[in-house]
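> Starting from these lines, generate the structure:
(2 chains)
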Amino acid sequence: MYRTHTCGELRSDDVEQTVILCGWVDSTRDHGKGLFIDLRDRYGVTQAVVLPDRGEELLAKSKQIRNEFVLKIEGTVHRRPAGQENPRHQSGEIEVHIDSLEVLNRCEVPPFLPSQPEMPGEDLRLKHRYLDLRRRGMQTTLELRSKIIKTMRDYFEEHQFIDVETPILGRSTPEGARDYLVPSRVHPGSFYALPQSPQLYKQIMMVAGYDRYVQVARCFRDEDLRADRQPEFTQLDMEMSFVDSDDVIGMVDGLMARLVKQLRGVDLPLPLPRMTYDEAMRRFGHDAPDLRYGMEIEDCTDLAAEAEFRVFRSVAEAGNFVRGINARQAADRYSRKGIDELTEFVQHDFGAKGLAWFKVTEEGTLASPIAKNFPDTLLERFKERMGGEPGDLILFIADSWDTSCRALNGLRRRLASELKLYDPDEMHFSWVVEFPMFERDEETHRWVAMHHPFTAPRDEDIRQLKDSPEHCRAKAYDLVVNGYEAGGGTIRIHDQAIQQDVFGLLGMSPEEAQGRFGFLLDALKYGAPPHGGIALGIDRVVMLFGGLENIRDCIAFPKTQRAMDLMTEAPNTVAKEQLKELGLNLAQPPAQNPTKN
RNA sequence: GGCCCGGUAGCUCAAUUGGUUAGAGUACUGGACUGUCGAUCCAGUGGUUGCGGGUUCGAGUCCCGUCCGGGUCGCCA
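Residues are numbered from 1 along each chain as shown, chains lettered A, B, ... in the order given. Take a look at the predicted model:
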């Protein structure tokens, strides 16, 4: 028998029991005639003691022990001497007096210790992920992840969903993100694509009559990485038949309440609040606003139009916008230099032309280098519109709608973080609904689907599909948590005529559409029920419930910003024979393996 | 692809606006110690300052290039 207990479960009730524990050496404290060993596994840490009276042999053996050795110890559980309990460990009231000890495996001197107080560099953590995953923080996160997925599966099972796996090797559909491609050996020159999501398959499941489908699905997108984006990620993907937006949203509301109850022991009030896309852009400049704090955008374009200040007036006259936010009581927190940094930030990151600012003085007036360009009465109206109180810092962006949205959202997030306007433990759930059906492609000026081309328009917008597509809103909904898009979904088009109209708007002929999505269009002809669904980003949900700042910490084996796995050194070159078998020639010789530097 | 930050001992960091032999904590090695829990005390090993080039009497420090890690804009239906 390897062990009778784990390193996290012994308590004072177990005193006098003979036990066997296995685990890794977290640390040792050598006192000469005896020594202490903290033995660790994923359940906890138990202190084991080699007492001075247990003989030379055991003592000598125990002195060979080093950090991260794998041990099996046998001994008896004892209550610790009074006053020597360690409240930092759950097993801190007891210790195991070692009778015999076996080194199951040695460990080379590790590049870092799982229990060391300083966090090692991320590249080192990823290279030696097996050591990193021994850290308590990673264990906690992976346990949380497992619990979240279990809760999701239980919930959907209770609601009659059926878990169906869909192919990983699929077909490239040139909409959306860049595909990861897999060459076919059997069909030289042809490629599979890894799924960006199981979107089309789950719709086909609906046609097939499996009216409630769910899957924990791995998805792949070959785009640049971010703190919250990995090339390979996991979605909780679901789809339902005979439903409209409210049904899908309600189902996810229930799931979120279940998760919050299960993981935080709190009742989440339902239904979750909803806001339209237009309102989100107007009030927050972003389709996934962080609602843990206020600092909403106010539109002052009408006031700007009255100003002699040319920057403001010309923007207003050109049909653009002067909008601002009020950072309450932040006037003292941002010096002239600090505001210069904010200016550079909005110019550089969002292409804003500039940043106009006012500080509300003790006397209640607006102070700013540009204040002299405004009559006092107008300044007063700006202040009133922005709700300015003494000590506030008011910031304005005068620019196009898009740029002002982007810049103000950027400012809002940055200021909230710097001013600590939110409790990092708090979670705020909401929905953003009624997204536009289409948006203009900047380069080609053609309409492109904002979500995907199968998204259904709102019933009341179908009439204007052809005449004014820009006003056409979709049955689309995003779940937003703390300023992150945690998930998104739509009701799909099940009407052939509408689907063809949408394709037409997107500049796709029926033949072209047939070529790209023929299998889906065919399926939709054979009795497709009204249906819709949603996909939740599980990695992000874990990140949010875990209060973490990047998605890599939620994934056992993540990739770096350059999409490398530092442990396995994937991707890597392959043998010439493998390429030949696939009928592939490299246009360029492969680059030197970058990790070798 | 652009911009920003970082790379110094195994690890985490320091090193005066370019100036002596690049330091500290920790880990590691050896020794001491009967109750520690970030054990303590003593001693020791450990460096191509990511890599390549340049400026200079002199470069960890300045310049150019490059690689790696991170953040971000573009991108991500």
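> Could you use CA atoms for every contact and neighbour count after this?
Fine.
> Model confidence for A:Arg446, exactly?
At A:Arg446, the pLDDT value in this model is 85.
> and if you look at the one 4 residues further on?
At A:Met450, the model reports a pLDDT of 91.
> Distance-wise, check it relative to A:Glu175.
11 Å (Cα to Cα, to the nearest Å).
> Neighbour count for these two, which is higher?
Per other Cα atoms under 10 Å, whichever of A:Met450 and A:Glu175 has more neighbours is A:Met450, with 16 against 12.
> quick one: that one and A:Arg440 touch, right?
No: applying Cα atoms under 8 Å, one finds A:Met450 not in contact with A:Arg440, separated by 9.1 Å.
> Could you report the neighbour count for the residue of the stretch 251-400 of chain A at minimum distance from RNA strand B?
Across the stretch 251-400 of chain A, the shortest distance to RNA strand B (Cα to the nearest atom of the strand) belongs to A:Asp349, at 4.4 Å. Close neighbours of A:Asp349, defined as other Cα under 10 Å, add up to 12.
> go on, A:Gly354?
Count around A:Gly354 with other Cα under 10 Å applied: 20.
> my read: it touches A:Ile397, true?
Yes: using Cα under 8 Å, A:Gly354 makes contact with A:Ile397 at a distance of 6.8 Å.
> Nearest spatial neighbour of the closest residue to RNA strand B within the stretch 351-500 of chain A, chain-adjacent residues omitted?
For the stretch 351-500 of chain A and RNA strand B, the shortest gap (Cα to the nearest atom of the strand) falls at A:His451, measuring 2.7 Å. Excluding its sequence neighbours, the residue lying closest to A:His451 (Cα to Cα, 6 or more residues apart in numbering) is A:Met437, at 7.4 Å.
> and the one you found, what does it touch?
The neighbours of A:Met437, taking Cα atoms under 8 Å, 6 or more residues apart in numbering as the test, are A:Ala449, A:Met450, A:His451, A:Thr455, A:Pro457, A:Pro469, A:Glu470, A:Cys472, A:Arg473, A:Ala474.
> Tell me which of those fall in strands.
A:Ala449 (DSSP state E).
> burial of A:Thr140, as a residue count?
So A:Thr140, with other Cα under 10 Å, has 15 neighbours.
> Make sure it is indeed in a strand.
No: read with DSSP: H, G, I helix; E, B strand; the rest coil, A:Thr140 is helix and lies in no strand.
> distance of the residue nearest to A:His451 from A:Ala476?
A:Met437 is 9 Å from A:Ala476, by Cα to Cα.
> Low-confidence ranges, the stretch 401-550 of chain A, go.
Scanning the stretch 401-550 of chain A for pLDDT under 70 picks out nothing.
> Residue ranges in chain A under the pLDDT threshold?
For chain A (pLDDT under 70), the answer is A:590-597.
> any idea how chain A splits into domains?
Per automatic domain parsing, the structural domains of chain A span A:12-105, A:139-275+A:429-554, A:293-418.
> and those domains as JSON lines, adding distance to A:Gly285?
Below are these laid out as JSON lines (distance: least, Cα to Cα, whole Å):
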{"stretch": "domain A:12-105", "distance to A:Gly285": "44"}
{"stretch": "domain A:139-275+A:429-554", "distance to A:Gly285": "12"}
{"stretch": "domain A:293-418", "distance to A:Gly285": "4"}
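> List the buried residues of stretch A:389-407.
Along stretch A:389-407, these residues count as buried under the neighbour rule (16 or more other Cα atoms under 10 Å): A:389-407.
> For RNA strand B, see how far away the spatially closest residue to A:Ser190 that is not a sequence neighbour is.
Leaving aside its sequence neighbours, A:Ser190 sits nearest to A:Ser184 (Cα to Cα, 6+ apart; 5.6 Å). Taking Cα to the nearest atom of the strand, to the nearest Å as the measure, A:Ser184 and RNA strand B are separated by 23 Å.
> Test my guess that A:Ser184 contacts A:Leu582.
Yes: counting by Cα under 8 Å, A:Ser184 does reach A:Leu582; the two are 6.4 Å apart.
> neighbour count winner among those two?
Counting neighbours by other Cα under 10 Å for A:Ser184 and for A:Leu582 shows that A:Leu582 has the greater number, 18 against 14.
> what's near enough to touch A:Glu83?
One correction, residue A:83 is Gly, not Glu. Contacts of A:Gly83 by Cα under 8 Å, 6+ apart: none found.
> what are the ranges of the helices in the stretch 351-500 of chain A?
A:376-386, A:401-418, A:496-505 (DSSP state H, counting those that start in this stretch).
> Name the residues that touch the second one?
This means helix A:401-418. A:281-282, A:284-286, A:290, A:293, A:295, A:297, A:320-325, A:327, A:342, A:346, A:349-352, A:397-398, A:422.
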